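# Quick one: sequence and predicted model below, then my questions.
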Amino acid sequence: GDSVTQTEGQVTVSESKSLIINCTYSATSIAYPNLFWYVRYPGEGLQLLLKVITAGQKGSSRGFEATYNKETTSFHLQKASVQESDSAVYYCALSPLVNTGNYKYVFGAGTRLKVIA
Amino acid sequence: EAAVTQSPRNKVAVTGGKVTLSCNQTNNHNNMYWYRQDTGHGLRLIHYSYGAGSTEKGDIPDGYKASRPSQENFSLILELATPSQTSVYFCASGENWNYAEQFFGPGTRLTVL
């Protein structure tokens, strides 16, 4: 089946340092899935951070960016300089294309980012 | 502003008891979803709905029922709760197209003793 694998557990980064959270996907039932990053801040629900629906394209938001690489089936999340306010749980996800009749997402396990001063 | 609310936010239940988790959305979205999140797992889809009166089984529906009495409300029902259903449950709503953003509630932490 379809699956998403991302950096496990917790990542601790010092403020102003760079971040990368790895995400790879396996889309056996989907030719070119849509790819997403969601973020969950403490006490809140998940919210969309960025999405890319075309292979080869880059999405960006709030200083984060991710590039849809269909050759390596990856969608890594990067930020050049993190802040303490970026501390949250980040989820990589995919969904199928139009006309499949299936609007379900597949989520990764989440990666907790802790930014320290 | 679009909003998805869940109640209760925390729940402790006994094994064999009935539990109802409620979700309300003011987004006027057709689609609604129930997920559970366990450590080491991504959000896993339990049930979803395409509109009032419809419910569909997700990837892990066993032990759960769902009800969508209106556009705004979507409930998850555990008729006979078991300790294995201890988890954090998220409700979400979204438009009825394939790469639509999903809007999530804050989650319900359920503990079954």
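All right, it came through fine.

# what's the distance between the closest residue to B:Pro69 other than its chain neighbours and A:Val39?
Counting by C-beta to C-beta, 6 or more residues apart in numbering or on different chains, the nearest residue to B:Pro69 once its immediate chain neighbours are dropped is B:Ala52, at 6.8 Å. C-beta: built from backbone N, CA, C; applies to glycine. Using C-beta to C-beta, to the nearest Å, we find B:Ala52 at a distance of 30 Å from A:Val39.

# Equivalent analysis for B:Leu78, please.
With C-beta to C-beta as the criterion, B:Leu78 and A:Val39 are 29 Å apart.

# can you pull out the strands in the chain?
Just so you know, I chose chain A. A:3-6, A:10-14, A:19-21, A:23-26, A:34-40, A:47-52, A:58-61, A:64-67, A:77-79, A:88-95, A:106-107, A:111-116 (DSSP state E).

# that's the wrong chain, I meant chain B
For chain B, the strands defined by DSSP E cover B:4-7, B:10-13, B:19-25, B:31-37, B:44-49, B:56-57, B:65-67, B:73-78, B:87-94, B:102-104, B:108-112.

# Can you tell me what sits against the helix or strand bottoming out on mean pLDDT in chain A?
Every helix and strand of chain A was ranked by mean pLDDT, DSSP states H and E. The lowest is strand A:106-107, at a mean of 90. Residues from elsewhere that reach strand A:106-107 (C-beta atoms under 8 Å, 6 or more residues apart in numbering or on different chains): A:2-4, A:25, A:38, A:91-95, B:35, B:42-44.

# What count of nearby residues applies to the nearest residue to B:Ser67 once chain neighbours are set aside?
Distances taken as C-beta to C-beta, 6+ apart put B:Ser75 closest to B:Ser67, at 4.6 Å, once the chain neighbours are dropped. For B:Ser75, the neighbour count with other C-beta atoms under 10 Å in any protein chain shown is 19.

# For B:Ser75, give me its contacts.
B:20-23, B:66-69.

# one more time with 6 Å, if that's ok
B:20, B:22, B:67 (C-beta atoms under 6 Å, 6 or more residues apart in numbering or on different chains).

# No further questions, thank you.
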